[in-house]
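In: Curious how this folds, go ahead:
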Amino acid sequence: MQRTCRFCWGLSALLFALVVATAYMFVIRGSVTASDDGRTAIVISAGERDLVLAEMRGFLESVEAITSGLAENDMKRIADSAKRVGMATSSQVPVTLVAKLPLQFKTLGMATHKAFDDLALEATDMGDGQVVLAKLGELMNNCTTCHAAYRIEPDGGGKR
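Out: As a prediction, the model looks like this:
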């Protein structure tokens, strides 16, 4: 009986360690490697890379529309552009891709989606162009921080 109990505890400890290691790999670390330019390379499939880059282009297109909206004092255009890339779009990323992204990258991405929603709310509720411009500057800091820290590499290497 005592031998069986030790076996169960040992097996439980082993399974727990396996779960912790798996969580670390898929939730915190992601699929990353060092890159020759000092950034962290996130290694994903070509299709996943296309999806991430399309999302980033969407951010940039919204920033352009927000900037134009600020120049024209068009708060509706600003709010609409910001909402287009807010938190509602973050749920469209496949779980298999999310598992490959390091935690800090995911954190910056979610903060950026939320910052666009906050900017849209500011444009809709208060309509103060100076506050919207300040929020846009804070939001752009997320973009520059991410681009300074990460690069996307397709599976199998290949420089881009």
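In: could you point out the longest helix in the protein?
Out: Identified as the longest helix of the chain according to DSSP state H is helix 46-72.
In: Check which residues of the following helix or strand past it are buried.
Out: Next helix or strand after helix 46-72 toward the C-terminus (DSSP states H and E): helix 75-83. Buried residues in helix 75-83, counting neighbours by 16 or more other CB atoms under 10 Å, are found at 75, 77-83. C-beta coordinates here come from the backbone N, C-alpha and C atoms, glycine included.
In: Would you mind giving these as a markdown table with pLDDT and distance to residue 90 added?
Out: Below are the buried residues of helix 75-83 laid out as a markdown table (pLDDT from 0 to 100; distance: CB to CB, whole Å):
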| residue | pLDDT | distance to residue 90 |
| --- | --- | --- |
| 75 | 97 | 24 |
| 77 | 97 | 22 |
| 78 | 98 | 20 |
| 79 | 98 | 18 |
| 80 | 97 | 18 |
| 81 | 97 | 16 |
| 82 | 98 | 14 |
| 83 | 97 | 13 |
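In: Now flag whichever of those is closest to residue 104.
Out: residue 82 (23.4 Å; CB to CB).
In: Would you verify that residue 43 is located in a strand?
Out: Yes - assessed with DSSP: H, G, I helix; E, B strand; the rest coil, residue 43 lies in a strand.
In: That one contacts residue 31, correct?
Out: Yes - judged on CB atoms under 8 Å, residue 43 makes contact with residue 31 at a distance of 4.8 Å.
In: coming back round to it: any idea which of the buried residues of helix 75-83 is closest to residue 68?
Out: Closest approach to residue 68 among the buried residues of helix 75-83 (CB to CB): residue 77, at 7.3 Å.
In: Residue 94 versus the closest one, what's the distance?
Out: Using CB to CB, to the nearest Å, residue 77 is found at 31 Å from residue 94.
In: do residue 54 as well
Out: The value you get for residue 54 to residue 94, if CB to CB is used, is 13 Å.
In: ok, and the closest non-adjacent residue to the residue positioned nearest the centre of the chain?
Out: Central residue of the chain (CA atoms, centre = their mean): residue 109, 2.4 Å from the mean position. Leaving aside its sequence neighbours, residue 109 sits nearest to residue 90 (CB to CB, 6 or more residues apart in numbering; 7.2 Å).
In: Thank you kindly, that will do.
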